[in-house]
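A.B. asks: Need coordinates for the following:
(2 chains)
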2 protein chains.
Amino acid sequence: MTAKAVVLLSGGLDSATTLAIASDEGYACHALSINYGQRHAIELSAAISIAELLKVREHKILTVDLTQIGGSALTDTAIAVPEQSTTGIPATYVPARNTILLALALAYAEAAQAFDIYIGVNAVDYSGYPDCRPEFIAAFEHTARLATRAGVEGGDFHIHTPLLQLNKAEIIKSGLKLGVDYALTVSCYQADTAGRACRYCDACRIRAAGFQAAGVTDPTLYIR
Amino acid sequence: MTAKAVVLLSGGLDSATTLAIASDEGYACHALSINYGQRHAIELSAAISIAELLKVREHKILTVDLTQIGGSALTDTAIAVPEQSTTGIPATYVPARNTILLALALAYAEAAQAFDIYIGVNAVDYSGYPDCRPEFIAAFEHTARLATRAGVEGGDFHIHTPLLQLNKAEIIKSGLKLGVDYALTVSCYQADTAGRACRYCDACRIRAAGFQAAGVTDPTLYIR
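C.D. replies: Reported below is the predicted structural model:
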């Protein structure tokens, strides 16, 4: 029987590539998308298109309203998305987001009898979020084994981070080889309801520079 | 300024006692309850009553529908709640529940600038859930420090588990001293919509034995 993996799929460039890699590595992929009240909820439509393109076995979308908690430009519309490079951890950092995403992925994995979880974190061309760092991932993996019945019974959860040490151009080249259509993905933190990108936020700037460095035409539709 | 704490408040006996302890320890308490699709969602009404009784500063209720994931008698009505003692981890175990609850509490804490999180886990009179064990809590605490901007900036998150090594009678006696009204709490996994308990599930049996051992009249309303 093909082993199953749960793949966190936001609908952005990185998670789409991660799904393609998990699938290429032979897993039956169960995609998980989270509607957490993100400003750019249009990315969930992108996630649905990508899940279809890459023929996942199952795609679940869970909702948890983090706007009730706020504390981020992505979950509190009163905080502006920065349109220039900033120092330190930017305002788009969402408190404990990747811990929440991985916890939900762990629940899904355990219920589906999967021991492999994929997340598209990256510690090279990224925004400096603490929960993209390898030490965080290692700590969560350790926690996952202790947290679960499956772990107690000897199941060995692995958090796969295939993009961790790749730059954006390398990520794009990997995805193109595996059939990812980046025109379907939405990275922009303030994309409009048609999925068109602002061009100026961190996510847009890192993404555009990646296409340029990869020598690939940027398929992104921009608002202006 | 009084330090803040986030207290996970299910509406059961243990979390009500935990809230009273956090308050007694001098924290301004921010209660967090999660509607995860639990069979006994009436416990959320109990949580509201307890939060009022114990005068929390704020009480948030977040929803995340774990019935979409299932894998537990509490989140899948097709799986029966055991009414007799079983060996091993019982069917009421919810995959990764405490990891999800703590991840949401961590987000709330970080956004509210709190570094203290209380959870009423207990490793004495309990059902054998893996995510009630001290080693799990320690692993999550370590993860929390790595996961967050506040952690990177030197903030030192603590997961408080004041009930961890108490038996149920000791928990009840502590709570009574601190003014907890256990008639308001709902522990039963299959309580009816009036909050009346079944008497037979794990949660009911452990609770009733606790009142008996404490020499205190059990204020629980039972269906039969």
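
A.B. asks: What strands flank the helix or strand hosting residue A:32, and is each parallel or antiparallel?
C.D. replies: Residue A:32 belongs to strand A:28-35 when elements are defined using DSSP states H and E. Sheet partners assigned to strand A:28-35 using DSSP bridges are listed as strand A:4-8 (parallel), strand A:58-63 (parallel).

A.B. asks: from these, which stretch is densest packed?
C.D. replies: strand A:4-8 (a mean of 26; mean count of other Cβ atoms under 10 Å in any protein chain shown). The C-beta positions use only the backbone N, C-alpha and C, and glycine is treated the same way.

A.B. asks: Next, the buried residues of the helix or strand that that strand is followed by.
C.D. replies: Scanning forward in sequence from strand A:4-8 by DSSP H and E, the next helix or strand is helix A:13-24. Buried residues in helix A:13-24, defined by neighbour count with 16 or more other Cβ atoms under 10 Å in any protein chain shown: A:13, A:14, A:15, A:16, A:17, A:18, A:19, A:20, A:21, A:22, A:23.

A.B. asks: Check stretch A:66-84 too.
C.D. replies: Those would be A:66, A:68, A:69, A:70, A:71, A:72, A:73, A:74, A:75, A:76, A:81, A:82, for stretch A:66-84 by 16+ other Cβ under 10 Å.

A.B. asks: Go ahead and confirm the last one touches residue A:88.
C.D. replies: To tie it back to what came earlier, the one meant is residue A:82. No. At 10.9 Å, residue A:82 does not count as touching residue A:88 under the criterion of Cβ atoms under 8 Å.

A.B. asks: one step back: which one of the buried residues of helix A:13-24 sits closest to residue B:128?
C.D. replies: residue A:22 (33.0 Å; Cβ to Cβ).

A.B. asks: so who does that closest one touch?
C.D. replies: A:5, A:7, A:29, A:116, A:118, A:160, A:162 (Cβ atoms under 8 Å, 6 or more residues apart in numbering or on different chains).

A.B. asks: The fourth one: what's it in contact with?
C.D. replies: If a contact means Cβ under 8 Å, 6+ apart, then residue A:116 has A:3, A:4, A:5, A:6, A:22, A:27, A:109, A:157, A:158, A:160 as its contacts.

A.B. asks: which of those residues sit farthest apart?
C.D. replies: A:22 and A:157 (14.7 Å).

A.B. asks: which intervals of chain A have sub-threshold pLDDT?
C.D. replies: Within chain A, not a single segment meets pLDDT under 70.

A.B. asks: longest helix of it?
C.D. replies: helix A:97-112 (DSSP state H).

A.B. asks: CA atoms only for that helix - export them in CSV, please.
C.D. replies: Extracted as CSV, the C-alpha positions of helix A:97-112 are listed here (Å, rounded to 0.1, in the frame of the first residue of the first chain):
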residue,chain,number,x,y,z
ARG,A,97,0.8,30.1,12.9
ASN,A,98,3.1,27.2,11.9
THR,A,99,2.6,25.6,15.3
ILE,A,100,-1.2,25.7,14.7
LEU,A,101,-0.9,24.5,11.1
LEU,A,102,1.4,21.6,12.1
ALA,A,103,-0.8,20.7,15.1
LEU,A,104,-3.8,20.4,12.7
ALA,A,105,-1.7,18.4,10.2
LEU,A,106,-0.6,16.1,13.0
ALA,A,107,-4.3,15.4,14.0
TYR,A,108,-5.1,14.7,10.3
ALA,A,109,-2.1,12.5,9.9
GLU,A,110,-2.8,10.5,13.0
ALA,A,111,-6.5,10.0,12.1
ALA,A,112,-5.5,9.0,8.5
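
A.B. asks: show me the contacts for residue A:150.
C.D. replies: Applying Cβ under 8 Å, 6+ apart, the residues contacting residue A:150 are A:110, A:113, A:115, A:157.

A.B. asks: Does it lie in a helix or a strand, and which?
C.D. replies: Going by DSSP H and E, residue A:150 is part of helix A:149-152.

A.B. asks: Give the next helix or strand downstream of that helix.
C.D. replies: strand A:158-160.

A.B. asks: in that next one, what's buried?
C.D. replies: Here strand A:158-160 shows A:159, A:160 as buried, counting by 16+ other Cβ under 10 Å.

A.B. asks: helices or strands up against it?
C.D. replies: strand A:116-118, helix A:134-147 (3 or more Cβ pairs under 8 Å, 6 or more residues apart in numbering or on different chains; DSSP states H and E).

A.B. asks: Within its sheet, name the partner strands of that strand and how each one runs.
C.D. replies: In its sheet, and by DSSP bridges, strand A:158-160 pairs with strand A:116-118 (parallel).

A.B. asks: centre of the chain versus the longest helix of chain A, how much separation?
C.D. replies: Computed by Cα atoms, centre = their mean, to the nearest Å, the separation of helix A:97-112 from the middle of its chain amounts to 13 Å.

A.B. asks: Also stretch A:169-178?
C.D. replies: 15 Å.

A.B. asks: ok, and what's touching it?
C.D. replies: A:13-14, A:16-17, A:20-21, A:23-24, A:122, A:125, A:163, A:166, A:182, A:210-211, A:213-214, A:216.

A.B. asks: Could you give me the buried positions within it?
C.D. replies: Those would be A:169, A:170, A:171, A:172, A:173, A:174, A:175, for stretch A:169-178 by 16+ other Cβ under 10 Å.

A.B. asks: Surely residue A:139 and residue B:142 touch.
C.D. replies: Yes. The criterion here is Cβ under 8 Å, and residue A:139 meets it with residue B:142 at 5.4 Å.

A.B. asks: most distant residue from the middle of chain A?
C.D. replies: The centre of chain A is farthest from one residue, residue A:153, which by Cα atoms, centre = their mean lies 29.2 Å away.

A.B. asks: ok, that residue to chain B distance?
C.D. replies: Residue A:153 sits 8 Å away from chain B, taking Cβ to the nearest Cβ, to the nearest Å as the criterion.
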